[in-house]
Structure formats: C-alpha cells, structure tokens
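Peer 1: okay, sequence plus prediction incoming.
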Amino acid sequence: MKNLSMLATGAMLCAAAAAQAAPATYVIDPLHTSAIFEINHFDTSTNRGRFTKTEGTVEVDKAAKTGKVDLTVQLASLQTVSSVFTKEILGKEMMNAAKFPKAHFVGSKFTFVGDKVSEIAGTLTFMGETKPVVLKAQNFNCYENPMTKREVCGGDFDTTLVRSQYGLNYGLEWGMPDNVHMVIQVEGIKK
C-alpha cells in the first residue's frame, strides 16, 4: 500500500510539473498594448505618435525558455498631436497606409534572464518590406489580475528602426534622421 501511495504521489507531482512546463498562450490585450514611435525633428524636439489598434497572440514556455509572438498593428489607428499631422504621416508620401494598412511583427527567438523575457528577435513587415528586428525588454512581469483572476504577462520593449530600409525616405534629403525609436507597450491575457 505504501508503494502504491508513493507511486500515486509521484504521478501527481509529475503531472503538476508537466502542467507548469507546458507553453501558455496569451491573447494581446488591446487596452494595454500600443506601439509608439519617436523621431527627432531637426534637433529641436521629438515627434511622437501612438498606434492604438493591435491584435495577436504570445506563446511563452517559461520552463523551456522559448516563445512566439504574432502582433499586428493597424496603422490607421495612429494618434499624434493633430489630425493634420496624423493624416500627413499616414499619407502616400510617408507611410502610405492606404496601400500598406498594417505592420506585422513575428518573433520566434526569446531570450530570458531568470524567468523574465529580456529580448525577442523576429521580423517586422512594414510598407511591403520584411526586416529582422530585436525588441529589448525595459520591463517584463507576469501577475494575476485581481479583477479577472487570470494571469497577465507583458512589458515595455523598444527597438530602433532604420526607416529607409522599409522605403520610408521622406525628409532624409533635408536632414531628418533615418533612425526611429519604437516603444512597444504590450500585455497579454492567458487563455
């Protein structure tokens, strides 16, 4: 009987360990996810804009230290300081959002420090071009949401894009910078 009890206890512990080691899927929370661009404006100020409509999923296996992310940003959701400026940025001379309405990031290489994601490498498709991108975590955490009682994981990630690699050349001849700093605020709710 003692051996049977030990065997049952061992089986339960193995099942619990397997359940914790399984990858978890998180659905992007559109209320807590956005992509922000920052670009220097002739060394006087920084122009900023926020894309507010996002969708996608993140899969994380904390035990295996692996993950996948699939995030789509709707460019028409851009908000800036004015509707005139927003329209200009989304127009044909810049982002050409009518022709290229979405930006799409797919990340497949997660780097962890302890149990926290520190970096995600993948590709960004923007304006018809796909280029490698590495998002570096400035903050990352998982917690149980006290209202929904569901696990939420997320953080603040950033990267610098070279916009001419995507065909966004507007203003380069006037000395506007080619580098654009991106900040991605993302949270996902466990399925």
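Peer 2: Thanks, I have it.
Peer 1: how near is Gly171 to Asn40?
Peer 2: The spacing between Gly171 and Asn40, counted by Cβ to Cβ, to the nearest Å, is 11 Å. Placement of C-beta: from N, CA and C, glycine included.
Peer 1: same question, Leu71
Peer 2: Distance of Leu71 to Asn40, computed by Cβ to Cβ: 26 Å.
Peer 1: which stretches in the chain count as helices?
Peer 2: Secondary structure of the chain, counting by DSSP state H: helices at 2-21, 83-90.
Peer 1: on contacts alone, who are the packing partners of whichever strand in the chain runs longest?
Peer 2: Longest strand of the chain, by residue count under DSSP state E: strand 129-144. For strand 129-144, the packing partners by 3 or more Cβ pairs under 8 Å, 6 or more residues apart in numbering; DSSP states H and E come out as strand 102-113, strand 116-126, strand 151-162.
Peer 1: least reliable of the helices of the chain going by mean pLDDT?
Peer 2: For these, mean pLDDT drops lowest on helix 2-21, to a mean of 44.
Peer 1: any regions of the chain where pLDDT drops low?
Peer 2: 1-21 (pLDDT under 70).
Peer 1: that older thread, convert the C-alpha atoms of the longest strand of the chain to CSV, please.
Peer 2: C-alpha atoms of strand 129-144 as CSV (Å, rounded to 0.1, in the frame of the first residue of the first chain):
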residue,chain,number,x,y,z
GLU,A,129,9.3,45.1,-46.6
THR,A,130,10.3,42.4,-44.1
LYS,A,131,13.4,43.0,-42.0
PRO,A,132,14.9,41.5,-38.8
VAL,A,133,14.1,43.3,-35.6
VAL,A,134,15.2,42.8,-32.0
LEU,A,135,12.9,44.1,-29.2
LYS,A,136,14.7,44.6,-25.9
ALA,A,137,12.6,44.5,-22.7
GLN,A,138,12.9,47.5,-20.5
ASN,A,139,10.4,45.9,-18.1
PHE,A,140,8.7,42.5,-18.0
ASN,A,141,6.4,40.9,-15.5
CYS,A,142,3.6,38.3,-15.1
TYR,A,143,0.9,38.7,-12.5
GLU,A,144,-2.6,37.5,-11.6
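Peer 1: from Pro177, how far off is Asp43?
Peer 2: Asp43 is 9 Å from Pro177, by Cβ to Cβ.
Peer 1: just want to know which of these two has more residues nearby.
Peer 2: Pro177 (15 against 7; other Cβ atoms under 10 Å).
Peer 1: that one is in contact with Phe42, isn't it?
Peer 2: No. Using Cβ atoms under 8 Å as the test, Pro177 is too far from Phe42 to be in contact (9.3 Å).
Peer 1: what's the burial count for Asp115?
Peer 2: When neighbours are counted by other Cβ under 10 Å, Asp115 registers 11.
Peer 1: swap in Tyr143?
Peer 2: Counted with other Cβ under 10 Å, Tyr143 comes out at 10.
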